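In: can't give you the sequence, but here's the structure:
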């Protein structure tokens, strides 16, 4: 395998950012495309629909676990080899999923696909941090999120179309084809970005020490928790949206798809807004503060409407669009805030961020589903409110005080250097 591409993409071009966005979409397509065909999958394999839904759970578990292993490896061996491994695993086990004859074998394939997709996503975060810092990194993160934000809008409909041609197995074949295409592009056009790849020692002790360093850093850990809790709020909605919109509020299947796409569009608009405002010099502190306050306010209003029986489809979707715009502002700023202090171990920091995000998303989804009473949206909106208020509290009580303390320390050292 050639270690260096002959004609690598220039990292300052829009095509490179689009490629990073495409790599991030692997997870969204792998989860959202299969949602409309869970019953078909269950019937084909002779299991219940609830057991077929485990294909989503194990994918998320793999998505959370893969980065925790591959993050430290990418700090040692570089981003490019691990990107190739992630795309390759996603494609290979996508192919095997198309020929799975039992639920057990399909679950194994889905777990390993999740590990591949999780590895790819965490390395995209690390790649942006390798190349940029400060406001430029936040802008690039926003552009990547914009590209990735298209996937939740089109994936369910695309899944229905592909399944109409060849059933649920055709969906896995299409996912595998996407993995192969991205593998080829990375192999031919993506150069290494890690500045010190190949020069660090690697071992269990070193990896544990690196994770410990991130966990002890209040700014890095605090921002990672903000990303995780914000994602928990989003995933509580994603997992409960069909139950609430169709089961409680009476939306048809066709209308549900349109409403879900509308709320997903908010994330895209938020990422675009964040990129524009960051380019104009608006500080990440202000953007994070306003974004987190907005998401919390929206969730509380939704909870109040649900508790009083006044929630309607139009009010739910309208408020969620506003909340998702704010989520689109929060994520790139918080993600970069988690990675910025860790340039030497950005792979580890990215892995921890991704793992916390998926575990929190899974927990929020499980809580919202288990508390759903079949009559109201209180479980979904309550989970969203807890997550968004938690994210706001972490920012106000952990991240901001730590950032102020760091600035005072830096200022004191600067004055001491000048005096000396």
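Out: The structure has been received and is ready for your questions. Everything numeric in this text was worked out from a predicted model, so none of it was measured. Numbers count the residues shown, from 1 in each chain.

In: any idea whether residue 398 is helix, strand or coil?
Out: Under the three-state scheme (DSSP: H, G, I helix; E, B strand; the rest coil), residue 398 adopts helix.

In: what about it, neighbour count?
Out: 17 (other C-beta atoms under 10 Å). The way it works is simple: take the backbone N, C-alpha and C, and place the C-beta from them, glycine included.

In: what's the nearest residue to it if we skip its chain neighbours?
Out: Excluding the flanking residues, the one nearest residue 398 by C-beta to C-beta, 6 or more residues apart in numbering is residue 222, at 4.1 Å.

In: helices or strands next to the strand or helix carrying that neighbour in the packing?
Out: Taking DSSP states H and E as the criterion, residue 222 maps to helix 218-242. On a contact count with 3 or more C-beta pairs under 8 Å, 6 or more residues apart in numbering; DSSP states H and E, helix 218-242 meets helix 204-216, helix 253-279, helix 284-307, helix 313-339, helix 346-371, helix 378-394, helix 400-419.

In: Give me the contact list for the first one.
Out: This points to helix 204-216. Applying C-beta atoms under 8 Å, 6 or more residues apart in numbering, the contact partners of helix 204-216 are 72, 75, 200, 220, 221, 224, 342, 345, 348, 349, 352.

In: Give the buried residues for that helix.
Out: 206, 207, 210, 211, 213, 214 (16 or more other C-beta atoms under 10 Å).

In: do the same with the second one
Out: Within helix 253-279, the residues scored as buried using 16+ other C-beta under 10 Å are 256-257, 259-260, 263-275, 277-278.

In: what's the domain layout of this structure?
Out: 7-190, 218-401 (automatic domain parsing).

In: any chance of those domains in a markdown table, with mean pLDDT too?
Out: Formatted as a markdown table, the domains of the chain follow (pLDDT from 0 to 100):
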| stretch | mean pLDDT |
| --- | --- |
| domain 7-190 | 88 |
| domain 218-401 | 91 |
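
In: Nearest approach to residue 408 belongs to which of the ones you listed?
Out: domain 218-401 (10.6 Å; C-beta to C-beta).

In: Do me a favour and get the end-to-end distance for that closest one?
Out: 9 Å (C-alpha to C-alpha, to the nearest Å).

In: what distance separates it from the centre of its chain?
Out: 11 Å (C-alpha atoms, centre = their mean, to the nearest Å).

In: and of the helices and strands packed on helix 218-242, who's closest to residue 139?
Out: helix 253-279 (4.8 Å).

In: returning to that earlier point: would a markdown table of the helices and strands packed on helix 218-242 with distance to residue 31 be doable?
Out: Putting the helices and strands packed on helix 218-242 into a markdown table (distance: least, C-beta to C-beta, whole Å) gives the following:
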| stretch | distance to residue 31 |
| --- | --- |
| helix 204-216 | 26 |
| helix 253-279 | 13 |
| helix 284-307 | 22 |
| helix 313-339 | 17 |
| helix 346-371 | 11 |
| helix 378-394 | 18 |
| helix 400-419 | 34 |
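
In: To residue 99, which of these lies closest?
Out: From the helices and strands packed on helix 218-242, taking C-beta to C-beta, the stretch that ends up closest is helix 346-371, at 27.3 Å.

In: And the helices in the stretch 51-200 of the chain?
Out: Along the stretch 51-200 of the chain, the segments classed as helices by DSSP state H, counting those that start in this stretch run 54-77, 79-98, 103-131, 134-149, 151-189.

In: looking at those, which is buried most?
Out: helix 103-131 (a mean of 26; mean count of other C-beta atoms under 10 Å).

In: tell me what it is packed against?
Out: helix 14-32, helix 38-45, helix 54-77, helix 79-98, helix 134-149, helix 151-189, helix 313-339, helix 346-371.

In: Among those helices, which comes closest to residue 250?
Out: helix 313-339 (7.8 Å).

In: buried set for that closest one?
Out: Of the residues in helix 313-339, those buried (16+ other C-beta under 10 Å) are 313, 316-317, 319-339.

In: who are the neighbours in contact with the residue nearest to residue 66 when sequence neighbours are not counted?
Out: In this structure, residue 66 finds its nearest non-sequential neighbour in residue 115, 3.3 Å apart by C-beta to C-beta, 6+ apart. Residues in contact with residue 115 (C-beta under 8 Å, 6+ apart) are 62, 63, 65, 66, 69, 86, 89.

In: Tabulate these (CSV), appending distance to residue 172.
Out: Converted to CSV, the contacts of residue 115 look like this (distance: C-beta to C-beta, whole Å):
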residue, distance to residue 172
62, 15
63, 16
65, 20
66, 18
69, 24
86, 17
89, 14
